[in-house]
Structure formats: structure tokens, C-alpha cells
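Novice: the amino acid sequence is not available; the structure is as follows:
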């Protein structure tokens, strides 16, 4: 039987793009060597590997896709197969990084494959962001931080409001504009 991953040449795993690079650079500037960091939805492992190389910190990846887990491991990232934050213990991390699936997608236009899960944020782009924000404080140490990539396509202010409702507040620490969207990295801390 041919492996679907090999058949598509890795096309079922989200590969680094402008959003990944913006998150990795912004987080690396703010994180240090002694921090324990989780990269949620690690995909290819690019953000985790970049932050680990830049800071010397211990960065662990997590992804629901078995194909992404395999690719991140091949990149040298220690990674766990996980649905968002489910398997992680309370207060385990100094920082959490997340480049979520954020593209608004009509449910009737979605495909049922790993790449779609890596891209689709549901009708408003926040299908995965909202449950992440509702649970992320649990796994943070008291002075922990969240570095979350958000897009103007998902309404950055709505994302910030959901974060506030979940007991997190912060600021935009990096941004980049494109003809079709504005990407920002939010650094959020418990309030």
C-alpha cells in the first residue's frame, strides 16, 4: 500500500509560510534559554525548530495529524500527537506558540483531509482559536505567555475579546500586511 504522505510529497502537512515565519521571529525575540515552550499545531515543526535554534530553549511540538508529527520529528522537533492542549498537565509551560488554522471556510466547501484541518478555521476563522484560548491558561505557569498568530480574516479584535474572556490580555508585538490580509502576533498573558 502506498503511503498517502509520500504520494502527495508532503502536501498533507502545512509548510512554513509568511505566517509561520512571523510567529517564529516574534516569539524568538521575546523568549529565553531557560523557558519550556509548547508549539501547538506544529505542522512541519518549523516554528518550534526556529525558536529552539534562536533561543536554546526546550521547545516541544504538538499536532493532531500523524503526518505532521512524523515530519516534525524528522526535523528534530520532540513532538506529541495531541488535540490542542488535551494531554498537557496544568502549569507545564512558560510559553505556548500557536499558528492556528484561521482561514474562514464555508463548511460545504471543506475537504476531509489533514491539509484542510491545518488551514480551515470554520465559517469565522476561529473554530480552533476559541477552544485553544478557553484552555491555554491551564497549561501556563503563572507568569506564562501565549504567542498567537491572528489574521484580519478572523477579526483580530474578536480574537482579543475571546482572549480577554478567557483571562488573557496583551498586545500586538509583530505584524505584516499583504494585499488580502494583515497578520499579527499577539503576546497574551494571564490577567
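Specialist: Yep, it's here. Computed from a predicted structure; not experimentally measured. Residues are numbered from 1 along each chain as shown.

Novice: burial count for residue 155?
Specialist: Neighbourhood size, residue 155 [other CB atoms under 10 Å]: 16. Using the backbone N, CA and C atoms, a C-beta is placed for each residue, glycine as well.

Novice: hang on, isn't it packed against residue 124?
Specialist: Yes. Assessed by CB atoms under 8 Å, residue 155 is found in contact with residue 124 at 7.3 Å.

Novice: now residue 160. Nearest residue, chain neighbours left out?
Specialist: residue 186 (6.8 Å; CB to CB, 6 or more residues apart in numbering).

Novice: give me the pLDDT for the one you found.
Specialist: Per-residue confidence (pLDDT) for residue 186: 98.

Novice: how near is it to residue 157?
Specialist: Note on residue 186: its distance to residue 157, by CB to CB, to the nearest Å, is 11 Å.

Novice: those two: which is more packed in?
Specialist: residue 186 (23 against 10).

Novice: report the secondary structure state of that one.
Specialist: Here residue 186 is recorded as strand under DSSP: H, G, I helix; E, B strand; the rest coil.

Novice: for the one helix or strand residue 135 maps to, buried residues please.
Specialist: Assigned by DSSP states H and E, residue 135 belongs to helix 129-139. Of all the residues in helix 129-139, those buried under the rule 16 or more other CB atoms under 10 Å are 129, 130, 132, 133, 134, 136, 137, 139.

Novice: so what strands line up beside the helix or strand following that helix?
Specialist: Counting by DSSP H and E, the next helix or strand C-terminal to helix 129-139 is strand 140-151. Here strand 140-151 is paired, per DSSP bridges, with strand 93-98 (parallel), strand 182-190 (antiparallel).

Novice: give the rounded mean pLDDT of strand 140-151.
Specialist: In the prediction, strand 140-151 has an average pLDDT of 96.

Novice: check which element follows it along the chain.
Specialist: Heading C-terminal from strand 140-151, the first helix or strand you meet, by DSSP H and E, is helix 156-165.

Novice: so who does the residue nearest to residue 160 touch?
Specialist: 146-150, 156, 159-160, 163, 170-173 (CB atoms under 8 Å, 6 or more residues apart in numbering).

Novice: among these, which ones are buried?
Specialist: Buried subset of the contacts of residue 186 (neighbour count, 16+ other CB under 10 Å): 146, 147, 148, 149, 150, 156, 159, 160, 163, 170.

Novice: need the residues you listed in JSON lines (columns: distance to residue 24).
Specialist: Formatted as JSON lines, the buried ones among the contacts of residue 186 follow (distance: CB to CB, whole Å):
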{"residue": "146", "distance to residue 24": "15"}
{"residue": "147", "distance to residue 24": "9"}
{"residue": "148", "distance to residue 24": "13"}
{"residue": "149", "distance to residue 24": "10"}
{"residue": "150", "distance to residue 24": "15"}
{"residue": "156", "distance to residue 24": "19"}
{"residue": "159", "distance to residue 24": "19"}
{"residue": "160", "distance to residue 24": "21"}
{"residue": "163", "distance to residue 24": "21"}
{"residue": "170", "distance to residue 24": "18"}
